[in-house]
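>>> quick one, fold the following:
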Amino acid sequence: MLKTLAFAMLLLVMTVPVSAGFKEGWTAYERGDYWAAFREFKPLAEQGHANAQSYLGFMYYAHGQGVPNNYAEAVKWWRKAALQGNPIAQYNLGLMYGAGLGVSKDYDEAFRWYRRAALQGDAKAQYELGVMWANGHGVPKDYGVAIWWYRKAAQHGNAKAQYNLGALYGAGLGINKDVRMAFKWYSLAVANQNSRASKALDRLITKMSAAEIARAKKLLKAAQTKRPGKATAETLPAE
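Coordinates of the predicted model:
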């Protein structure tokens, strides 16, 4: 979970405008001077700076990053950022509710925050929604809706979602069984360094004919050139 949050923080810096104070905080954070980063982020966060709030949440979540580990404080700052529409904070808040860290475990709240982030195009949140629908966590179990969200995440390059789509197509769960589509999604996951997909793809190939493999490779080639779209209210599945 820490690795996932660390990657989320990198995306935060890459995708938002940098303001005075925040830049200094981020520079200090990157060189490992967490106390200096905290001194820059804290006043900005108290003034309502959503990205500084999101960073503070991560520092309180992680161990040894300028402040003592405190999940409740992490949730507090992520909530402030999430309420301002910060998708990374929304996703992180979903993780905390899903795991019961700093708050009571609550799948309804996890779903709520994942969904908000997912609607802004956050692939990790889209994947987590797929997991919730596939397992019936906080929502009725529905492979069809799970596939919809997995596909959104997979189209944005999420390897776990790509693997899960391959598995569902291969088993015919929530969708007609299609080994060509399973081949496509497993292959995309392999390209994104998913080791489980590599083993699954090897097993699948032994059960496919040469003609099926050739058609599957055509599907894969088309998928590699397709651009993903955002999940909008008009395109959402019935939930």
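>>> using CSV, write out every CA atom in stretch 102-122.
What follows is stretch 102-122, C-alpha atoms only, in CSV (Å, rounded to 0.1, in the frame of the first residue of the first chain):
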residue,chain,number,x,y,z
GLY,A,102,-7.2,5.8,10.9
VAL,A,103,-11.0,5.2,10.6
SER,A,104,-13.4,2.3,11.1
LYS,A,105,-13.4,0.0,8.1
ASP,A,106,-16.3,1.1,5.9
TYR,A,107,-16.8,-0.2,2.4
ASP,A,108,-19.6,2.4,1.7
GLU,A,109,-17.2,5.2,2.4
ALA,A,110,-14.4,3.5,0.5
PHE,A,111,-16.7,3.2,-2.5
ARG,A,112,-17.8,6.8,-2.3
TRP,A,113,-14.3,8.2,-2.4
TYR,A,114,-13.0,5.7,-5.0
ARG,A,115,-15.9,6.6,-7.2
ARG,A,116,-15.2,10.4,-6.9
ALA,A,117,-11.5,9.8,-7.9
ALA,A,118,-12.5,7.3,-10.7
LEU,A,119,-14.8,9.8,-12.3
GLN,A,120,-11.8,12.1,-12.6
GLY,A,121,-9.9,9.5,-14.5
ASP,A,122,-7.9,8.0,-11.6
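>>> could you find the closest non-adjacent residue to the residue most central in space within the chain?
Nearest to the geometric centre of the chain sits residue 124, at 0.9 Å (C-alpha atoms, centre = their mean). Counting by C-beta to C-beta, 6 or more residues apart in numbering, residue 91 is the residue found nearest to residue 124 once chain neighbours are left out, at 5.6 Å. For the C-beta atoms, the positions are set from N, CA and C on the backbone; glycine is no exception.
>>> is it true that that neighbour touches residue 122?
Yes. With contact defined as C-beta atoms under 8 Å, residue 91 and residue 122 form a contacting pair (5.3 Å).
>>> the more surrounded of those two?
Between residue 91 and residue 122, counted using other C-beta atoms under 10 Å, residue 91 has the larger neighbour count: 28 against 25.
>>> and that one, what does it touch?
Applying C-beta atoms under 8 Å, 6 or more residues apart in numbering to residue 91 gives the contacts 8, 113, 114, 117, 122, 124, 125, 128.
>>> go on, residue 36?
For residue 36, the contact set (C-beta under 8 Å, 6+ apart) comprises 25, 28.
>>> state the distance from it to residue 219.
51 Å (C-beta to C-beta, to the nearest Å).
>>> let me see the domain layout of this protein.
Listed domain ranges for the chain are 2-120, 130-234 (source: automatic domain parsing).
>>> can you lay out those as CSV showing mean pLDDT?
Shown next, in CSV, are the domains of the chain (pLDDT from 0 to 100):
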stretch, mean pLDDT
domain 2-120, 88
domain 130-234, 92
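>>> what about residue 140, how many residues close to it?
For residue 140, the neighbour count with other C-beta under 10 Å is 8.
>>> any idea which helix or strand carries it?
Taking DSSP states H and E as the definition, residue 140 sits outside all helices and strands.
>>> gap between it and residue 132?
Distance, residue 140 to residue 132, using C-beta to C-beta: 10 Å.
>>> OK, contacts around residue 113?
If you count contacts by C-beta under 8 Å, 6+ apart, residue 113 has them with 82, 90, 91, 93, 94, 97, 125.
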